[in-house]
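A.B. asks: I'd like to go over a predicted model; first the sequence, then the structure.
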Amino acid sequence: MKTSTSEVKHGVQWTDHNQLEDLDFADDLALLSHTHEQMQIKIASVAAVSASVGLNIHKGKTKVLKYNTENNNPITLDGETLEDVESFTYLGSIIDEQEGSDADVKARIEKAITAFLQLKNISNSKQLSVNQYQSHNLQYQRQDSSTVRS
């Protein structure tokens, strides 16, 4: 990845002094750029470097999210148009063209509520006595506090 994008810097301005180029983790990439032309150059460069070491980009799994742009021209790879999407999930976080991280925060809150409600059903169970519940809770707290000290 570094080889494919090291020649030209086409990321997005992250802070006053820093530019965010791309997000890479294992085989998951999120390429960032300000312009359609820069993105087209990046995707072609990544594809070329990948091919040189025997790797191929799966065009069906490759998505394009355009944020705050008027340009409707498609991003292509080897003559094929890549799918435009309104949101996608990168390493478990939802990226959305309209709401930024709001969609991700909402999804995480919904997951937490679901988990809490599942635990509530267990704690309200007639089969589990209060003593057993408190005992399990104390064991969990001991494990948790010993982890913090380690």
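C.D. replies: That came through, no problem. Computed from a predicted model, the values in this text were never measured in an experiment.

A.B. asks: so where's this structure shaky on pLDDT?
C.D. replies: Across the chain, the ranges flagged by pLDDT under 70 are 1-20, 99-100, 123, 127-150.

A.B. asks: Just the helices from it, written as ranges.
C.D. replies: With DSSP state H as the criterion, the chain has helices at 2-5, 36-52, 102-123, 130-149.

A.B. asks: got the domain boundaries for the protein?
C.D. replies: With domains defined by automatic domain parsing, the chain comprises 1-98, 101-150.

A.B. asks: gap between residue 53 and residue 60?
C.D. replies: Noted for residue 53: a distance of 21 Å to residue 60, by CB to CB, to the nearest Å. All C-beta spots, glycine's among them, are computed from the backbone N, C-alpha and C.

A.B. asks: Residue 26 now?
C.D. replies: Taking CB to CB, one finds residue 26 at 19 Å from residue 60.

A.B. asks: so how far is residue 109 from residue 116?
C.D. replies: Following CB to CB, the distance that separates residue 116 from residue 109 is 10 Å.

A.B. asks: what do you get for residue 82?
C.D. replies: Taken as CB to CB, the span from residue 82 to residue 109 is 31 Å.

A.B. asks: neighbour count winner among the two?
C.D. replies: Ranked by neighbour count (other CB atoms under 10 Å), residue 82 and residue 109 place residue 82 first, with 18 against 10.

A.B. asks: Quick check: phi and psi on residue 60?
C.D. replies: phi -70, psi -20 (degrees, to the nearest 10).

A.B. asks: which residues touch residue 103?
C.D. replies: 87, 94, 96 (CB atoms under 8 Å, 6 or more residues apart in numbering).

A.B. asks: Tell me if I'm right that the first one and residue 66 touch.
C.D. replies: No. Counting by CB atoms under 8 Å, no contact exists between residue 87 and residue 66, whose distance comes to 11.7 Å.
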